[in-house]
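**Q** pasting the structure only:
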C-alpha cells in the first residue's frame, strides 16, 4: 500500500503521536521530581507507583484523564492530570476502576477539574457495574477556588452522593487511606464498603490539629486525632491497618480475589483474530492535516478481526445507499460490534448527484439511524468513528428535510441502550459531533486520536466569521481597518481557535477520556466492551417521537 503520499501521512501521524508521548512524560511527573522525592522520604509511593504495584502484572491498564487539567490553572501553578491518576485495570483477575490522589500536586488538593475527573470515574463504575478502588491521599478542596468546586450538582459533594448510590447498586467500593483525608473528603472512605489505613501516614478527620486548636482550643497531634490506630481501635471507623503501603495494597488484592462474579450483559464474543491488514498502516491512511479524502474502510479493515479464512470480518450495511456514512457489522478482539463511521471519500448517488465526504446527508442520516436501531434490537455494542464536518446545508438539503433526517439520527443515538464507544479520528464539528455520539450523548468511553479536532465549525470558516464580526464592530466605532490589520486579526483568531480545537484542549476539560495511539484503537474498544459486559441491566430500546 505504501507510496510517497502514504509515507508523508505516516510521518505526520507518528510525529503527532510522538508529541503526545513527550507531553505525557511531563504529566507523569505530577508536581515534579522534588515532590516525588519528598513522597519517597516519607516511605510513601506516588499515585502511579501505587497503581503499578496494585494491578496484575502484564495486564491491560487503560488510563483515563491523563491530560485532564492540561495547561489549565497556570496562575495556581498548574494541576497535572487533575491531581489524580485513574483508569480501568485488573486486580486479581477482576476488571475495576482505580482512583488515586496524587499528593505531589498541591498535596492532592481538589481543583474544579479534579472533581469532574473523579465524578467521571464513578460514572464509569456505575455504568459498567465495576468495583472501584480509592487510593486516598488528599488535603481536600483547593481553598482559593472553593466556589468552583464546593456546592453545585457536579461539584465535590456529588462524590459522596455517588458513594451512597453505588452502595445501593451493590458495587464494591474499597478505600485505602495512605495519607491525609481531610474535612469533607473524610466521608469518602467511610462511605465505602471497607476502609484500610496505613500507620503513620494515613489519617482521617473533619478538622486537623491546627484547626481544632483554633476552633475549640484543644491541643492534640494528628496521629492521635485521626490516625490508623485511633480509627481502628477507638472510633471503629476503619476496618484494617497496615505498617506499609505495600502490605495495604497486597490486602486489596486479596479482597478483590474474594469477590464473586456478576451476571454479564451477554455481548457476543467469539475466537479473536488479528486484523486482515496490518494495523501499523493506519498511520499512513489519513492525509496530513486531514486535508484530502480517504476511504474509512481502509482504516476499519486494519482495526477489526479477520475471519478464519483471513478475510476482513467487516460486513457493510446498505453499501450503495447513504455513502457518506459507512455502517456495518464486524468483530473486534472477538467481540461482535456495529460500526458507524463517517466516510471521507467523495461519492455519487444513484441519481448522479455528487456528495462531499465527511458531510452527513439525508440518506446517510436515514441509513445510520436504521442501523443503530438494528444493533439495539440485536444487543450489539456500537462503535462510532468520527471524522465529520457537519450536516449538509443549502436549499436542496433543507427542502429534502435534512433537519428531520438529522433529528431521526440524533434520536436513535440518544435513545440507544447498547454500549456506545466513540473514537474521534479527525474532524468533529457542529451537530455532526452530536449525531456521531459526542460526549453529550453518553458514550461509555470516548477517545481521540492526536489528529482530532473538536469545534462548532472548521477553523477557516469560524475564523473568517469571527473576523467579519470584529471588523464590523471596529468600523461601527468609526475606526478604519486596513488589509494589514485584517490579516493580523485573522492570524490571532486562527491561533486561538486552533488551540481550542486541539485534542489536548478537549482532554484537559474531559470532553474526551484520553488521547490514544491510532494503531491501539482496537485494544481500547475491546476493553470498553469488556467493562460494559459487566452490567447486565440493559433497558428496553425506545426511540420516542420523531418525524418519519
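**A** Looks like it came in fine. Owing to the predicted nature of the structure, the values given are computational and were not obtained by experimental measurement.
**Q** Could you use CA atoms for every contact and neighbour count after this?
**A** Will do.
**Q** Enumerate every residue touching residue 425.
**A** 385-387, 448-452 (C-alpha atoms under 8 Å, 6 or more residues apart in numbering).
**Q** Apply 6 Å and report the result again.
**A** Applying C-alpha atoms under 6 Å, 6 or more residues apart in numbering, we find residue 425 in contact with 386-387, 448-449, 452.
**Q** Doesn't it belong to a helix?
**A** No - under DSSP: H, G, I helix; E, B strand; the rest coil, residue 425 falls outside any helix and is assigned strand.
**Q** What distance do you get for it to residue 521?
**A** 10 Å (C-alpha to C-alpha, to the nearest Å).
**Q** Check residue 496 too.
**A** Going from residue 496 to residue 521 by C-alpha to C-alpha gives 29 Å.
**Q** How about residue 106?
**A** Counting by C-alpha to C-alpha - residue 106 and residue 521 are separated by 34 Å.
**Q** rewinding a little: of residue 496 and residue 521, which one has the most company?
**A** Neighbour count, other C-alpha atoms under 10 Å: between residue 496 and residue 521, residue 521 has more, with 18 against 13.
**Q** And for the helix or strand of the chain with the lowest mean pLDDT, what's in contact with it?
**A** Within the chain, no helix or strand scores below helix 459-476, which has a mean of 75 by mean pLDDT, DSSP states H and E. With contact meaning C-alpha under 6 Å, 6+ apart, helix 459-476 is reached by 493-494.
**Q** and that helix, how far from the chain's centre?
**A** 33 Å (C-alpha atoms, centre = their mean, to the nearest Å).
**Q** buried ones in whatever helix or strand residue 8 lives in?
**A** Under the criterion of DSSP states H and E, residue 8 resides in helix 4-28. For helix 4-28, the neighbour count (16 or more other C-alpha atoms under 10 Å) marks 6-7, 9-10, 12-14, 17, 20, 27-28 as buried.
**Q** what do you get for stretch 260-279?
**A** Those would be 265, 267, 272-277, 279, for stretch 260-279 by 16+ other C-alpha under 10 Å.
**Q** ok, and what's touching it?
**A** 302, 304-306, 310-312, 333-336, 519, 533-536.
**Q** all helices for the stretch 251-400 of the chain, in order.
**A** Secondary structure of the stretch 251-400 of the chain (DSSP state H, counting those that start in this stretch): helices at 296-300, 362-378, 395-399.
**Q** The longest one packs against which elements?
**A** Packed against helix 362-378, as judged by 3 or more C-alpha pairs under 6 Å, 6 or more residues apart in numbering; DSSP states H and E, are the following elements: helix 402-415.
**Q** What's the mean pLDDT across the helix it packs on?
**A** Averaging pLDDT along helix 402-415 gives 93.
**Q** Now do that helix: which elements does it pack against?
**A** Contact partners of helix 402-415 among helices and strands, from 3+ C-alpha pairs under 6 Å, 6+ apart: helix 362-378.
**Q** What mean pLDDT does the helix it packs on get?
**A** On average, helix 362-378 scores 96.
**Q** quick one: the strands in the stretch 51-200 of the chain?
**A** In the stretch 51-200 of the chain, the segments counted as strands under DSSP state E, counting those that start in this stretch are 62-63, 84-91, 94-101, 132-138, 173-182, 194-198.
**Q** Need the ones you listed in TSV (columns: mean neighbour count, distance to residue 546 and mean pLDDT).
**A** Below are these laid out as TSV (neighbours: other C-alpha atoms under 10 Å; distance: least, C-alpha to C-alpha, whole Å; pLDDT from 0 to 100):
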stretch	mean neighbour count	distance to residue 546	mean pLDDT
strand 62-63	17	38	98
strand 84-91	25	37	98
strand 94-101	24	37	98
strand 132-138	25	39	96
strand 173-182	26	41	94
strand 194-198	24	48	97
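**Q** Any stretches of the chain with poor pLDDT?
**A** For the chain, the stretches with pLDDT under 70 are 1, 459, 462, 547-548.
**Q** can we see that at 50?
**A** For the chain, not a single residue meets the criterion pLDDT under 50.
**Q** Please identify which pair of the buried residues of stretch 260-279 lies farthest apart.
**A** Greatest spatial distance in the buried residues of stretch 260-279: 265 and 277, 30.4 Å, computed using C-alpha to C-alpha.
**Q** rewinding a little: figure out which of the strands of the stretch 51-200 of the chain is closest to residue 291.
**A** strand 62-63 (30.6 Å).
**Q** Contact partners for residue 441?
**A** Residue 441 neighbours (C-alpha under 6 Å, 6+ apart): residue 414.
**Q** again, 10 Å this time
**A** Applying C-alpha atoms under 10 Å, 6 or more residues apart in numbering, one finds that residue 441 lies in contact with 410, 413-416, 420, 433-435.
**Q** now residue 10
**A** 2, 4, 16, 280-288.
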